[in-house]
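S.K.: Sequence and computational prediction follow.
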Amino acid sequence: MHDICYVEIPSTDFAKSKGFYEKLFDWKVTILEGMNYAAWEAPEGPNGGFNPVKKPCTCGEGCCLVYILVESVEVKAGEIERAGGKIIKPKTEVADYGWFAIFQDTAGGVAAIWEPTKKE
């Protein structure tokens, strides 16, 4: 009953957000023109949206972050940079749990990627 059900990522430009997240994470993004909002659907929930902001997000560490599950932080970080995003905090290990990196997308939103440790 208390699962995360919806996540919003700040965006200065819905079209940039759409292109960035659809390409890198296979999200389906719908720009809702009449509402000044964009909604996204992840392949395996939760879903969310892009809330409009005038300035790019300046937070990263210490802020509430969305972590996107990936197979490889290194590979996805490279894809993020090639797509015009910026790595704010490079790949960092979290004890025996896995690795993360924090990035800023092309429309100013900040999120993180997470690669869990693969246990046999």
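M.R.: Received, thanks. From a predicted model like this one, the values you see are computed outputs, not experimental measurements.

S.K.: Please enumerate the helices of this structure.
M.R.: Under the criterion DSSP state H, the chain carries helices at the ranges 14-25, 73-82.

S.K.: Arrange these in a markdown table, one row each, with distance to residue 101, mean pLDDT and mean neighbour count as further columns.
M.R.: Any C-beta I mention is one placed from the backbone N, CA and C, and that applies to glycine too. Below are the helices of the chain laid out as a markdown table (distance: least, C-beta to C-beta, whole Å; pLDDT from 0 to 100; neighbours: other C-beta atoms under 10 Å):
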| stretch | distance to residue 101 | mean pLDDT | mean neighbour count |
| --- | --- | --- | --- |
| helix 14-25 | 13 | 96 | 18 |
| helix 73-82 | 5 | 98 | 16 |
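
S.K.: Which stretch among those helices approaches residue 6 most closely?
M.R.: Smallest distance to residue 6 across these (C-beta to C-beta): 15.3 Å, for helix 14-25.

S.K.: the inter-axis angle of that closest one versus helix 73-82?
M.R.: Orientation check (axes from the mean of the first three to the mean of the last three C-alpha atoms, to 10 degrees): helix 14-25 against helix 73-82 gives 150 degrees.

S.K.: what does helix 14-25 contact?
M.R.: Helix 14-25 has contacts (C-beta atoms under 8 Å, 6 or more residues apart in numbering) with 9, 11, 27-29, 31, 38, 40, 42, 50, 52, 68, 76, 79-80, 83-85, 105-107, 109.

S.K.: Which of those are buried? Put it as a PyMOL command.
M.R.: Per 16 or more other C-beta atoms under 10 Å, the buried members of these correspond to this PyMOL selection:
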select buried, resi 9+11+27+29+38+40+42+50+68+76+79+80+85+105+106+107+109
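
S.K.: Make a markdown table out of the helices of the chain and add distance to residue 92.
M.R.: Formatted as a markdown table, those follow (distance: least, C-beta to C-beta, whole Å):
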| stretch | distance to residue 92 |
| --- | --- |
| helix 14-25 | 20 |
| helix 73-82 | 9 |
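
S.K.: Which one of the ones you listed lies nearest to residue 97?
M.R.: Comparing those by C-beta to C-beta, helix 73-82 comes nearest, at 12.5 Å.
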